[in-house]
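Student: Let's see this in three dimensions:
(3 chains)
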Amino acid sequence: MRSLIKLGVPVVAAALALTACGGTKDNSSSSGSGGKQCDLKIGYFGALTGDAANLGVNIKNGVELAVNQYNAKHSDCKVTLETFDSQGDPSVAPALAQKAVSDKKLVGIVGPAFSGESKAADPIFEQAGLNIISASATNPSLSEQGWKVFHRVLGNDATQGPAAAKYIKDVLKAQKPFVIDDSSEYGKGLADIVRKDLGTAVVGNDAIQQKQTDFSGSVTKVTASNADALFFGGYYAEAALLTKQLRQAGWKGTFVAADGVKDDGYIKAGGAATEGAIMTCPCVPPDAAPQFAEAYKKAYNSDPATYSAEAFDAANVFLDGIAAGKTSNADMNAFIASYDKPGVTKQIKFDAKGEPASVSVWAYKVEGGKIVKDQEIK
Amino acid sequence: MNAVTAPLRSVRERFRALPRPVKYLFIVAVVVIIYLLPIINPPLITTQDSDFASVLFSCAMYSLVAIGLNIVIGYAGLLDLGYVGFFAVGAFSVGVLGSAHAKLPLIICVPAAIVVTMISGVLLGAPTLRVRGDYLAIVTLGFGEIIRLVLVNTSWLGGPRGISNIPAPPSLHLFDVPHMSWEGFTAYLDLTTTTKFLVFSVTDAVPYYWLAVTIVLIVLFLDWLMQNSRVGRSWEATREDEDAAELMGVPTFRFKLLAFATGAAIGGLSGALFATKQVFINPDNFTIIYSVLFVAMVVVGGQGNRWGVVTAAVLLIWLPEKFRFLSDARFLLFGMALMALAIFRPQGLLPPRRRLRAQRSAEREGVNAEEDPGHIEREVADV
Amino acid sequence: MNLLIHHFWELTITGLTIGAIYALVALGYTLVYGVLRLINFAHSEVFMYGSFAAVWVLMALNAAGATGLGLVGFLLLGGIAAMAASALVAFILELVAYRPLRKRNSPPLIALISAIGASFVLSEAMGLRDKPFAWLGLDAKLADYVGRPRENTPLPALLHSQKLFNFFGYNVTNVDVIILVSAIIMMVVLDQFVRRSRLGRGIRAVAMDAESAALMGVNHNRVIRLTFVIGGIMAGGAAMLYLLKIGVTRYNAGFILGIKAFTAAVLGGIGNLRGALLGGFVLGVAENYGSALVGSQWKDVVAFVLLIVILLFRPTGLLGESLGKARA
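Tutor: Alright, predicted model coming up:
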């Protein structure tokens, strides 16, 4: 129960001077007394504007689609989507997270989208008990903090990195792999795992900066080393330019990257140079869930993009919880812990740390200017 | 322009005319209201889409940054485009001492951070302050970037992962303060939403705001003492004409270095505040664009006027948060606002009084700007 | 170290090509600084608009895959489009962001604020370019031009990099040659223009002493306008060459490049045209050597450390500031 005492004076200074007058008001709508509640909200937390907006919009669309499908079925008791646009910036994340936890109608958050903002915002969610399911933050350390509210629906970099290394070793049979990272938390974390797994086979290392556009120095290093494969830990904007400049310099090896590169933007910016590039992703190919892809295409006039399907699954966990009347934070947390249902991307089930119980990593490749599935990495 | 300054001036004069006790009472009331802002949560001013107390904290923290940079740019006339570097050094000193490599309490970390940034200010200033004018701008910009890149590329400092679990200030739970909430213009006292006085936790930004405001007030007082001392006058002399000041026996280099180090120390203090509130820091928080924003605060506010730069800092932080609903267009409008301000109020929101006086006397002498094409050049060369 | 020795010429030549682009952009900073003594913070956006103009024109003409004379024609056309757009943006910039300040006798730093504001406006307008088209319902049709406005927009596949000849073990490509040759041509033309033409003399006169120049009948405003337009043309040329080398542009493509170019201008001695050239080349090459020696992640650090060291020993840059005085 929330008690409000009316002060009833519009002028701030006067309001301060007055002691409480007037009666108590009872906000009954937010009392958590069993019974099915309506006009609840689920949140999306991540970038919607700024440089990382593209990825954020993919995720938001996935959540929005799930919410719309739910509302179509439960027209008497609708759920609304509340968005928290962090611009992917850890320094604005806490203010938004605090706003989110003060909203009593919010039952769960899909996000935060990136690992950096997760580290800044998750302590607040944890303290307030608001459950979160990330559809895209893959940093391994996030599940090691002992946060009870933290969940994610995709495998972390510690599963993807070894899979990428395995692919380079076993499928490509590369003798001389080269490893480059983009000095971002995601890219460096992933590349370091690959470096460790490939061990002494690695013929060279380099690191670039995000937003860099001229990679002459790195290109010289790669071509000089006669590398036959290159693993790049980073995002598609830099990956496209790096691939292009490597090919211009006549490098013939295989370009391997991870899920941060699995986006049409990679092919669009890199053009023909991207042909044959490999990306790993802890995500199931879209042909596994045709009805989702169809509905998505109908709603947004484009194919589901990276993490849209994960976001859809994450949102459905919360929506199922709402349908089951698990609206308090504690009930929802227990509900998520016992959740075990097939989703669009995989069987959705979480382990004690909030990691997905089963993860499969797939390799995709660029073929004919499109990203197509290659094989599952086992 | 007079339309803006004239009423302001008359308010100031009327305030001066008040009897002394009334004046003090008024000042105390204003300070109390500033402290209570996040509790009152006043409609129209509050931010709908992000936590108001957090936004206020940012306003206070960036005010501190602006006060520090104002010493460098406004008082000593040194254009520093890499101020975010000191902010970063302060934040990471706290991170390293409080979490990454030692678990010292914040009470020790913060003074240490100030000392470290002060030293880095001297180390940076000693070789570079000999270059003049715009060269200094690019050198400082370079240093700001070097600091960020060193943070990104040094795993001892956390690298791109940054530093988590930065300690909070010590807490002491004395009593609860209920918040106010509003429906339209009717105020309610919300007994369930309370702030624990004085408990620093990640879920409540209000105590952090109080801490920041307290620090801002103390630093403002020290700033006032400094500006009105021999040091302040030496800075002014150096800024207006370095050669003349040197001839009059002012050791200009030493005073420039002092300004740089003092500014750095305040930057470091604000960085330390940022780190403890944020709990998690990474190098992405310290890009060039922040340096640009800091310089904008000082120039927009009126270089050399401490109230001006504080006002500008608060506005530049608060406006984008207030108008979050404009989402993508925020920065476009921000740019337009900067341009409009440059054109219509070139002396800044609150220009320092000394400069105003100089300008008015120049006007009386009948210097006509439009006939004087070399004007901007000479002025820039002074910086 | 080994890498630097064995691939010295490769690193040098690729460094020179990026350095040539820095130098062309640096000319814009240096010219404006020469006559107005202010940092044109928005010059980076002038460059960015040129790059988009080239991309759009070549996209609209369906230039991808052209060969022979057609290819040459398209490259020139792209370059002209970029120069025209950049010159236009620079002209408008001067008119809107700088001239009102000059008229009002503004304090010096306020010009910097106006420029920062203009820079925000220009880059954000490009970053939001899909919005007006979405209102008109044209966004689907024009998706190649305005879709995903904050992401890389590629130049149509035009010039394929080919090995031309071997230079001490490095296969010099056609792209390297085009960039270096066209950059040098542009620089020589500019140098001769400023040195020999009447307008160029006006620029030098204003740079040397604005008041005396005004007394001698030089139209101050016209000279400033001209300076901005010339800087814009150079930035447009740089934008086309940048596209040939990098292949994509985006709404904030100018930001980092602008900082580098400004660094180059200061390195060589701001206000000095030949200094900007030297600074650009030195910076481009130094970055590459730095990448080879200590890793690419440190290349910007190498660039800035070099700048600081040079300024400590030569406080006005390698060649000193002298748009007016020297023969530049």
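Student: Return, as residue ranges, the portions of the stretch 1-150 of chain A with sub-threshold pLDDT.
Tutor: Low-confidence segments of the stretch 1-150 of chain A, defined by pLDDT under 70, span residues A:1-4, A:7-36.
Student: Then the stretch 201-328 of chain C?
Tutor: Counting by pLDDT under 70, the stretch 201-328 of chain C shows low-confidence ranges at C:322-328.
Student: Would you tell me which residues of it are close to chain B?
Tutor: C:206, C:209-211, C:214, C:220, C:259, C:262-263, C:266, C:270, C:297-298, C:300-301, C:304-305, C:307-308, C:311-312, C:315-317 (C-beta under 8 Å from any C-beta of the partner chain). C-betas here are computed from N, CA, C, even on glycine.
Student: Just the buried ones from these?
Tutor: Among those, those buried by neighbour count (16 or more other C-beta atoms under 10 Å in any protein chain shown) are C:206, C:210-211, C:214, C:220, C:259, C:262-263, C:266, C:270, C:297-298, C:300-301, C:304-305, C:307-308, C:311, C:316-317.
Student: Which ones, among the residues you listed, also lie beside chain A?
Tutor: Contacts with chain A within those, counted by C-beta under 8 Å from any C-beta: C:297, C:300.
Student: quick one: A:Gly129 and A:Ser328, what's the gap?
Tutor: Going from A:Gly129 to A:Ser328 by C-beta to C-beta, to the nearest Å gives 9 Å.
Student: Pick out the residue closest to the middle of chain A.
Tutor: Centre of chain A computed as the mean C-alpha position; nearest residue by C-alpha atoms, centre = their mean is A:Ser136, 1.3 Å away.
Student: what are the ranges of the strands in chain B?
Tutor: B:175-183, B:186-197 (DSSP state E).
Student: touching chain A at all, the last one?
Tutor: It stands for strand B:186-197. Yes: using C-beta under 8 Å from any C-beta, strand B:186-197 reaches chain A at B:186-193.
Student: Looking at those residues, which is nearest chain C?
Tutor: Distance to chain C across the residues of strand B:186-197 next to chain A (C-beta to the nearest C-beta) is lowest for B:Thr193, with 36.8 Å.
Student: wouldn't that closest one be in contact with B:Ser181 here?
Tutor: Yes: contact criterion C-beta atoms under 8 Å: B:Thr193 and B:Ser181 qualify, at 7.3 Å.
Student: quick one: what helix or strand has C:Ala205 in it?
Tutor: Per DSSP states H and E: C:Ala205 is located in helix C:198-208.
Student: Show me what counts as buried in that helix.
Tutor: Buried residues in helix C:198-208, counted by 16+ other C-beta under 10 Å: C:200, C:202-207.
Student: again, but for stretch A:355-364
Tutor: Those would be A:355-356, A:359-364, for stretch A:355-364 by 16+ other C-beta under 10 Å.
Student: possible to save these as CSV with pLDDT and distance to chain C?
Tutor: Compiled in CSV, the buried residues of stretch A:355-364 are given as follows (pLDDT from 0 to 100; distance: C-beta to the nearest C-beta, whole Å):
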residue, pLDDT, distance to chain C
A:Glu355, 92, 31
A:Pro356, 91, 29
A:Val359, 85, 29
A:Ser360, 83, 29
A:Val361, 89, 26
A:Trp362, 90, 24
A:Ala363, 93, 24
A:Tyr364, 93, 20
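Student: pLDDT value on the residue lying closest to A:Ile278 once chain neighbours are set aside, please?
Tutor: In this structure, A:Ile278 finds its nearest non-sequential neighbour in A:Val256, 4.6 Å apart by C-beta to C-beta, 6 or more residues apart in numbering or on different chains. At A:Val256, the model reports a pLDDT of 96.
Student: Just after the helix or strand where A:Val256 lies, pick out the following helix or strand.
Tutor: A:Val256 is part of strand A:254-257, with elements assigned from DSSP H and E. Downstream of strand A:254-257, the next assigned helix or strand under DSSP H and E is helix A:264-270.
Student: and that following helix, how far from the chain's centre?
Tutor: 20 Å (C-alpha atoms, centre = their mean, to the nearest Å).
Student: Direction included, what does the helix or strand just after it pair up with?
Tutor: The C-terminal neighbour of helix A:264-270 among helices and strands, as given by DSSP H and E, is strand A:278-281. Sheet pairing for strand A:278-281, assigned by DSSP bridges, gives strand A:254-257 (parallel), strand A:361-367 (antiparallel).
Student: Any idea which of these gets closest to B:His101?
Tutor: Closest to B:His101 of those, according to C-beta to C-beta: strand A:254-257, at 33.3 Å.
Student: give me the residue from the stretch 251-378 of chain A nearest chain C.
Tutor: Across the stretch 251-378 of chain A, no residue is closer to chain C than A:Ala269, which sits at 3.9 Å (C-beta to the nearest C-beta).
Student: again with chain A
Tutor: Closest residue of chain A to chain C, C-beta to the nearest C-beta: A:Gly217 (2.5 Å).
Student: The helix or strand encompassing that residue vs chain B: in contact?
Tutor: Secondary structure assignment for A:Gly217, by DSSP H and E: helix A:216-225. No: under the criterion of C-beta under 8 Å from any C-beta, helix A:216-225 makes no contact with chain B; the nearest approach is 14.5 Å.
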